[in-house]
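Asks: Need coordinates for the following:
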Amino acid sequence: MQPRVLPLAAVSILLLAGPVLCQRPGTIEVGAMARFTDYDNSLSFNSTVGIGGRLGVFLPGGLSIEGDISRTSSDRPGASVKYTPMHAFLLYNYRLGESSLFAGGGYVHNKYDYGGGSDTTDSGIAVTVGLRYHLRNMVKLRLDLNEDFIPSPANKAPAQSFNGNLGMELGVSFLIGFRK
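Replies: Take a look at the predicted model:
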């Protein structure tokens, strides 16, 4: 599988833009989302939708840190699996009126539960790009696109050097402490 270039190109373009504060430092973002996952071809899982949540804090300079977790059930030939990705990101936020674009990178830890005590895990790096669209005072509609690069996947084989899972998240975020 070839790496997907779109997230990396978008991150590069956004980081070249001049810094603009998106939210005030100390603002907390709490959100819920639906996550669609397109698994690496080597995993043989069906692409599915799951649910999850996120928590973040805005820092000075248009930066924020955030973590998210989601859970998805999928099928593969002869079995089902519960997939749980956990992300920790450092994001750069670029203000567009009352909405904002963001891009960043970080760490991902994946858990694959095949049932019957046969769990496996792997970890890697993740990149993300997205949009927070202003709905009301402290409520944002949020769309994220992220790619997880796993250099030593749990299913590592001689022909499989890494995994790349693509995720798309759509959700609602609430900003606590946000003031105009």
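Asks: thinking Arg71 is in contact with Asn110, fair?
Replies: No - counting by Cβ atoms under 8 Å, Arg71 stays clear of Asn110, with 11.6 Å between them. C-beta: built from backbone N, CA, C; applies to glycine.
Asks: could you measure Leu143 against Gly67, distance?
Replies: Using Cβ to Cβ, to the nearest Å, we find Leu143 at a distance of 18 Å from Gly67.
Asks: re earlier: for Arg71 and Asn110, indicate the residue with more neighbours.
Replies: Asn110 (20 against 15; other Cβ atoms under 10 Å).
Asks: Look up phi and psi at the more buried one.
Replies: For Asn110, the backbone dihedrals (degrees, to the nearest 10) come out as phi -110, psi 140.
Asks: Relative to Asn155, how far out is it?
Replies: The gap separating Asn110 from Asn155 is 11 Å, by Cβ to Cβ.
Asks: Grab the nearest non-local neighbour of the residue nearest the centre of the chain.
Replies: The structure's the chain has its C-alpha centroid closest to Asn146; by Cα atoms, centre = their mean the separation is 4.8 Å. Among residues not flanking Asn146 along the chain, Thr128 sits closest, at 3.8 Å (Cβ to Cβ, 6 or more residues apart in numbering).
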